[in-house]
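Asks: Here is my input; please provide its structure:
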Amino acid sequence: MVRESRHSMLVQWAKVVLPLAALILLSTLFLFSGKVDPTTASIYAKVDVDALVAEPRLTAPEYAGMTEDGAALTVRAKTATPDPAGNGASARQVIAKLEGADGAVTDLTASAGVLDPGAGQILLSDGVAVQTSAGYRMATETVEMATDRATVVAPNAVRGEAPFGMIEAGGMQMGRPDPAAPYDLHFNGGVKLIYQPQK
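Replies: Below is the predicted model of the structure:
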């Protein structure tokens, strides 16, 4: 009987003491916390709020699709800014991958790009690196791609490594002349090859 009365008294005291202790802790937090100055908030923000308002952008956008000849195309970017006229978007730090139905893979990276899936066009620029699963590693200034077919066109000078040596050319084109044919890589515009025999 004595134990039950002690227990009920402890419960009654706990009902009073615990809420009071919580209230004291909260009031102490508010008492010693510093005041927030809204005018200085933008100084510490990692995101430029004014720039976001003036120029809306997407963070980490991704495009994925299939071409008519069965290749999988994926394009990722760090940021993308939609064109006000509705003609796609300008992107920064672009990574593209083209995976053919026959297993051939082409990886591309660029500092900038313009993605316009509505027009079926992708333009990579500001230094493009191209690497294929066949062993080609090329560098060029711009690359044009299509979203409806597996083509990679470099209209400007290219240079880099081939499985058989170093190669330089005025341009490069990768595509599939026939749906049943494998992907072809053509160099044009004054091709220079330094052959390095395999050891």
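Asks: helices and strands around the helix or strand that Thr74 is a member of, which ones?
Replies: Per DSSP states H and E, Thr74 falls inside strand 72-82. Counting contacts by 3 or more Cβ pairs under 8 Å, 6 or more residues apart in numbering; DSSP states H and E, strand 72-82 packs against strand 58-59, strand 62-66, strand 89-99, strand 105-116. The way it works is simple: take the backbone N, C-alpha and C, and place the C-beta from them, glycine included.
Asks: Rebuild the ones you listed as CSV, extending it with distance to Gly170 and mean neighbour count.
Replies: What follows is those, written out as CSV (distance: least, Cβ to Cβ, whole Å; neighbours: other Cβ atoms under 10 Å):
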stretch, distance to Gly170, mean neighbour count
strand 58-59, 35, 12
strand 62-66, 30, 13
strand 89-99, 22, 20
strand 105-116, 19, 20
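Asks: So what touches the strand holding Thr74?
Replies: With Cβ atoms under 8 Å, 6 or more residues apart in numbering as the test, strand 72-82 has contacts from 55-67, 88-99, 113, 115, 122, 145, 147, 150.
Asks: Give me the residue at the spatial middle of this protein.
Replies: Most central in the chain under Cα atoms, centre = their mean is Ala77, positioned 2.8 Å from the mean C-alpha point.
Asks: Output the helices and strands packed on strand 72-82 as a markdown table; include the columns distance to Ser5 and mean pLDDT.
Replies: What follows is these, written out as a markdown table (distance: least, Cβ to Cβ, whole Å; pLDDT from 0 to 100):
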| stretch | distance to Ser5 | mean pLDDT |
| --- | --- | --- |
| strand 58-59 | 64 | 84 |
| strand 62-66 | 68 | 91 |
| strand 89-99 | 72 | 94 |
| strand 105-116 | 77 | 95 |
